[in-house]
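# fold the following and give me the result.
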Amino acid sequence: MQTHLAPEFQDTPEGEEAQAILRSCVHCGFCTATCPTYQLLGDELDGPRGRIYLMKQVLEGEPVTRSTQLHLDRCLTCRNCESTCPSGVQYGRLVDIGRKIVEEKVPRPRMERALRTALKEGLTSPLFAPAMKLGQAVRPLLPAALKHKVPASDRSGRAHLWPTRDHPRKVLMLTGCVQPAMMPNINSATARVLDAAGIQTLVADEAGCCGAIRTHLNDTEGGLDDMRRNIDAWWPVVVRGGVEAIVMNASGCGVTVKDYGHHLRHDPAYAEKAERIGALTRDLSELLPELLPALRQQLHRSSAAGPLPKLAFHPPCTLQHGQKLRGGVEAGLRELGFEVELAVGEAHLCCGSAGTYSVLQPDIAYRLRDRKLSQLLPHQPQAIVSANIGCIQHLQTGTQTPVKHWIEVLDQALA
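Reported below is the predicted structural model:
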């Protein structure tokens, strides 16, 4: 695709990167076949190819309209198109650039600005945890739309059982910004399963949001500040050589942290550190193959608890398209004795959560959720499992079948 950057974007890092991405697109349209919003809406401008044309026009200096902004807003950033594209177009990076430019050129309505500000400041704030506890306490009284965003509190007591044994093998883990308040058992279950396999989990208290929330809400500088804070929190442990990996049990965080080197490549104080942090980062599923022998022994000893539950697995887009990790969770769980089913034919499609998307674009988000559940529930699973808190929370709003992180189910089986 030939491009001619407008003067304001020439010789700028964003302009040069966007131009290189645009020129790799060959207009084939294969991406439209796997784009969730194109499948639902049937509008070329709500598919990757159409959005690429819109961003090309923006970068070439054409007028930017509210319509341009709306079509870019409706993109889930699921990156399914990247998995489909035969030319390797880095659409995710292009849409981040395009959205930032459009955000600067098209003023949003006041209520829209207020909601976006509330999301990026509220979800990453220390006040989110007490606010969530209050919401859970009054959850039966909340209107349905708000109740969907407030999961029931975990009454099992296991969420606060953190292993105390010391092991020679150690990893750092990012606890995240919303996960400790919304679903704290995911983090403690991760630590317990790793402990069972002889690995100690460390946490840097100063680390917080990975930066994805602000970045995807077009607050690029705020996102970079979150990334720098996390690097500062982890760096003393990393340079001592005391950990073998930085583990992510939320695939949305994992795909962002692995890309720190790209995000901070123009920051001389952080570029090298960010590259090393990204290289150390592993999704939890990447550790699973080497954990299997130890976990298999543990499960054998606890087999008196009864048969393992039948599961349906939803692979998050940030895992299968963002990190290009496919099949690892299912294969590992099956090797441990679980029966695992997929949404046959549509496992590649987004569930509609997509970070804050389900708040900002609820109509599309819930249509995609229902479509996903219609593929998973016919398997009659005892639980649906996934690998990202956003997907878990979003899918749970549409079904009475328990939706959990796969590590929670494995932890329960070990117990």
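
# enumerate the positions of the helix or strand of the chain with the lowest mean pLDDT that are buried.
Least confident helix or strand of the chain, by mean pLDDT, DSSP states H and E, is helix 144-147 with a mean of 77. Neighbour-count burial for helix 144-147 flags residue 147 (criterion: 16 or more other CB atoms under 10 Å). For the C-beta atoms, the positions are set from N, CA and C on the backbone; glycine is no exception.

# any buried residues in the helix or strand harbouring residue 117, and which?
Following DSSP states H and E, one finds residue 117 within helix 110-122. Buried positions in helix 110-122, judged by neighbour count with 16+ other CB under 10 Å: 115-116, 119-121.

# who are the packing partners of the helix or strand following that helix?
Once the chain leaves helix 110-122, the next helix or strand it forms, by DSSP H and E, is helix 128-137. Here helix 128-137 touches helix 179-182, going by 3 or more CB pairs under 8 Å, 6 or more residues apart in numbering; DSSP states H and E.

# other residues contacting the helix it packs on?
128-129, 132-133, 151, 186-187, 250, 389, 393 (CB atoms under 8 Å, 6 or more residues apart in numbering).

# which residues are in contact with residue 395?
Contacts of residue 395 (CB under 8 Å, 6+ apart): 314, 351, 353, 369, 372-373, 376, 384, 386, 403.

# touching, residue 330 and residue 312? I think so.
No - applying CB atoms under 8 Å, one finds residue 330 not in contact with residue 312, separated by 10.3 Å.

# between the two, which contacts overlap?
With CB under 8 Å, 6+ apart as the test, residue 330 and residue 312 both reach 340, 342.

# mind checking which of those two has more residues around it?
residue 312 (25 against 20; other CB atoms under 10 Å).

# without its sequence neighbours, what residue ends up closest to the more buried one?
Taking CB to CB, 6 or more residues apart in numbering, and ignoring the residues beside it in sequence, residue 312 has residue 381 as its nearest neighbour in space, at 3.8 Å.

# burial of that neighbour, as a residue count?
So residue 381, with other CB under 10 Å, has 20 neighbours.

# need the strands for the stretch 251-400 of the chain, in chain order.
If DSSP state E, counting those that start in this stretch is used as the criterion, the strands of the stretch 251-400 of the chain fall at 281-283, 310-313, 339-342, 383-386.

# which ones are touching residue 32?
By CB under 8 Å, 6+ apart, the residues touching residue 32 are 38, 44, 47-49.

# any idea which residue sits dead centre in this structure?
Nearest to the geometric centre of the chain sits residue 252, at 1.7 Å (CA atoms, centre = their mean).

# from residue 339, how far out is that residue?
Using CB to CB, to the nearest Å, residue 252 is found at 27 Å from residue 339.

# residue 274 now?
41 Å.

# same thing with residue 267?
Taking CB to CB, one finds residue 267 at 47 Å from residue 339.

# before we move on, what about residue 266?
Per CB to CB, residue 266 is found 48 Å from residue 339.

# neighbour count winner among the two?
Using other CB under 10 Å as the criterion, residue 266 and residue 339 rank with residue 339 on top: 15 against 10.

# if we can go back for a sec, tell me the gap between the helix holding residue 117 and the middle of its chain.
The chain centroid and the centroid of helix 110-122 are separated by 20 Å under CA atoms, centre = their mean, to the nearest Å.

# what helices and strands are in contact with it?
helix 212-216, helix 357-360.

# quick one: those as TSV, columns for distance to residue 81 and mean pLDDT too.
Listed next are those as TSV, based on distance: least, CB to CB, whole Å; pLDDT from 0 to 100:
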stretch	distance to residue 81	mean pLDDT
helix 212-216	16	95
helix 357-360	16	94
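
# show me where pLDDT drops low in this protein?
Within the chain, the ranges that satisfy pLDDT under 70 run 301-305.
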